[in-house]
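S.K.: heads up, no residue letters with this:
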């Protein structure tokens, strides 16, 4: 019995001290993790896991550590274990798991995670973008196949990334060893810190024999992602918070990233200064210059950031000072990471993001900068540049269509590698607009209908005729507004505005109803007098228009059918179409609008066979109101409606 007690005591002691030791190991791993020493944290956690230890928090940490180190397939393995242990996780884990699943090609499961993520968050733009673009893989496929890529032949076994054009050279970041020295390591990855290198670009686009840019630029911490002014005398670049031998830290003792400026003096980069909107409390990184070099774009997680990192711009004043940084807003930024901006010679903003539906990791996307400073639709540039892994730091020469980008995709030499490319076809988001024309009463498809496509200014682009099955189609550009008008004898014309989306299928069907003019009593010629309004003679309703619009509505088409019938009965009749608006909006814009309405009516009558020589039309704006509803007078919608009218004055019979 005594021996049993001894054995039992030793057994309990073993588990007691083993539990204490395990707790100590976990505490050490937790400290490394919280200090962003992810590589060391991974090593400790994985030793525990190898001994059969399972813990939800540990699986979270392991997945995150690999995720933050851009090793997404390994992150997926640990997130698998996490969700198997407990599927009820915070939304951000759903998103990270989805991104990690893409890296191993499991897009079906990744999309399920995104669905769950969107249901949990509701307002997160990453979920909303996915919900509105569930066919994103098809869209990316349409944008793919436009690049020939290959290695730039400058890569090492370490990380090489973030390149910039400088005269006929490429300047890039690299963590390669300097000579035989090991150098210090970055505890986030346990890899060497990066320095800036420069190398000439050969005719084939390859880069050979890189050397350090210069000693004053390269410090004992990270330098990366430079950009140069066109005269080659000023450089902006990213560096850890370190200047003049002094290292800055935030309140958690972490050295973040800052933007610096250097000038070229006697062939050497010197006069290094940090930009005034930097801070010890947040990072600023990855500069890019606007075409006129009056704006600097960059990535940051400063206060006001929508996500994990956003893109910003800041004005560079003529005296060299800077304005206040401006967030580029939700048309560009998401709750994810937006980073590595670049402005091309075509004034297009390229950047990397993991916040939009993509192939996995960071994807490179592009948006045209419009004349008013806003941004056009953001488009994924597709494969083969984008992959299941991190693809970023895209630069392009807009003249030669050659450039470079960085990626940690499989098959490279090191952790990140630089690739060269040639763009073989520019990205134009083109979609097909299709539709079918039906007869409303018989539900029959109408053959031979004329379908006309107009741009947003109502200028005709193309005209087609429906096939035997009533179908039609047009090639249209994404993110543009169009008008489509359908005309067919015996039917009132019908028109609709249409905004083309990035969806694969853009469809616009029309249902037409036969004109009901057979019952119109055609007045005798003695009842029709020159100088009178044909509309009043026929006792028809005035031709009304919707506020601010000039397209022929269904109701207007019915009334115009009566005018048409009389003009067909009297083939020598000529009329003057006078269109009027209400007093809302400016007098100038109302004059333009009313003239468009008059021209629209003329076009409708011409489409029905009336010779254009028998018609003339003019807009009078708000100059001939029928009631008291002038500017400043409060009126009902019905009162304003009476002023939005058209008259049909008989010129000759």
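M.R.: Perfect, I can see it now. Just so it is clear, the model here is predicted, and its values are computed rather than measured.
S.K.: Now do the contacts for residue 531.
M.R.: 649, 650 (CB atoms under 8 Å, 6 or more residues apart in numbering). Where C-beta positions appear, they are placed from N, C-alpha and C, glycine not excepted.
S.K.: Quickly note the distance from it to residue 576.
M.R.: 10 Å (CB to CB, to the nearest Å).
S.K.: joint contacts of these two?
M.R.: Common neighbours of residue 531 and residue 576 (criterion: CB under 8 Å, 6+ apart): 649, 650.
S.K.: Find me the pLDDT at the nearest residue to residue 199 once chain neighbours are set aside, would you?
M.R.: Of all residues beyond its chain neighbours, the one nearest residue 199 is residue 210 (3.7 Å), with distances taken as CB to CB, 6 or more residues apart in numbering. Here, the pLDDT recorded for residue 210 equals 94.
S.K.: cool, residue 329 as well?
M.R.: On the pLDDT scale, residue 329 is placed at 95.
S.K.: now do residue 4
M.R.: 49.
S.K.: same check, this time on residue 17
M.R.: In this prediction residue 17 is given a pLDDT of 41.
S.K.: would you say residue 196 is within a strand?
M.R.: Yes. Residue 196 sits within a strand when classified using DSSP: H, G, I helix; E, B strand; the rest coil.
S.K.: Would you quantify the distance from the closest residue to it other than its chain neighbours to residue 174?
M.R.: Nearest residue to residue 196, sequence neighbours excluded (CB to CB, 6+ apart): residue 213, at 4.2 Å. In this view, residue 213 and residue 174 are 11 Å apart by CB to CB.
S.K.: Also residue 160?
M.R.: Look at residue 160 and residue 174: by CB to CB, they are 5 Å apart.
S.K.: same check, this time on residue 167
M.R.: For residue 167, the distance to residue 174 - CB to CB - is 19 Å.
S.K.: How about residue 306?
M.R.: 32 Å.
S.K.: now residue 114
M.R.: According to CB to CB, residue 114 stands 35 Å off from residue 174.
S.K.: ok, now residue 249?
M.R.: Using CB to CB, residue 249 is found at 25 Å from residue 174.
S.K.: Mind checking which of the two has more residues around it?
M.R.: Using other CB atoms under 10 Å as the criterion, residue 249 and residue 174 rank with residue 174 on top: 26 against 11.
S.K.: Tell me which residues touch the more buried one, please.
M.R.: Residues in contact with residue 174 (CB under 8 Å, 6+ apart) are 156, 158, 159, 160, 194, 195, 197, 210.
S.K.: Let me have the residues you listed in TSV, extended by distance to residue 620 and neighbour count.
M.R.: TSV is the format used below for those (distance: CB to CB, whole Å; neighbours: other CB atoms under 10 Å):
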residue	distance to residue 620	neighbour count
156	75	16
158	75	17
159	70	26
160	69	27
194	70	27
195	72	23
197	71	24
210	72	20
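S.K.: which two in those residues are spaced the farthest apart?
M.R.: Using CB to CB, the pair of the contacts of residue 174 lying farthest apart is 159 and 210, separated by 13.7 Å.
S.K.: which residue is nearest the middle of the chain?
M.R.: The residue lying closest to the centre of the chain (CA atoms, centre = their mean) is residue 378, at 2.1 Å.
S.K.: Now do the same contact list for it.
M.R.: Residues in contact with residue 378 (CB under 8 Å, 6+ apart) are 331, 332, 356, 365, 366, 367.
S.K.: Recalculate using a threshold of 10 Å.
M.R.: 129, 331-332, 334, 338, 349, 351, 353, 356, 365-368, 479, 502 (CB atoms under 10 Å, 6 or more residues apart in numbering).
S.K.: circling back: out of the contacts of residue 174, which is nearest to residue 286?
M.R.: Distance to residue 286, by CB to CB, is smallest for residue 194 among these, at 12.9 Å.
S.K.: Tell me the backbone dihedrals of that closest one, please.
M.R.: As for residue 194, its main-chain torsions (degrees, to the nearest 10) stand at phi -90, psi 150.
S.K.: Now do residue 340 against residue 623, distance only.
M.R.: Distance from residue 340 to residue 623, by CB to CB: 57 Å.
S.K.: These two: which is more packed in?
M.R.: Taking other CB under 10 Å, residue 340 and residue 623 do not tie; residue 340 has more neighbours (29 against 13).
S.K.: okay but the residue nearest to residue 199 is in contact with residue 201, surely?
M.R.: No. With contact defined as CB atoms under 10 Å, residue 210 does not reach residue 201; the gap is 11.1 Å.
S.K.: Overlap in contacts, those two.
M.R.: Common neighbours of residue 210 and residue 201 (CB under 10 Å, 6+ apart) are 154, 169, 170.
S.K.: What part of this structure, helix or strand, is modelled with the least confidence?
M.R.: Across the helices and strands of the chain, mean pLDDT, DSSP states H and E gives its lowest value to strand 185-186, namely a mean of 52.
S.K.: show me where the stretch 451-600 of the chain has strands.
M.R.: 460-465, 471-477, 481-488, 491-499, 505-507, 510-512, 574-579 (DSSP state E, counting those that start in this stretch).
S.K.: helices or strands next to the last one in the packing?
M.R.: When contacts are defined as 3 or more CB pairs under 10 Å, 6 or more residues apart in numbering; DSSP states H and E, strand 574-579 packs onto helix 534-537, helix 554-569, helix 587-607, strand 615-619, strand 646-652.
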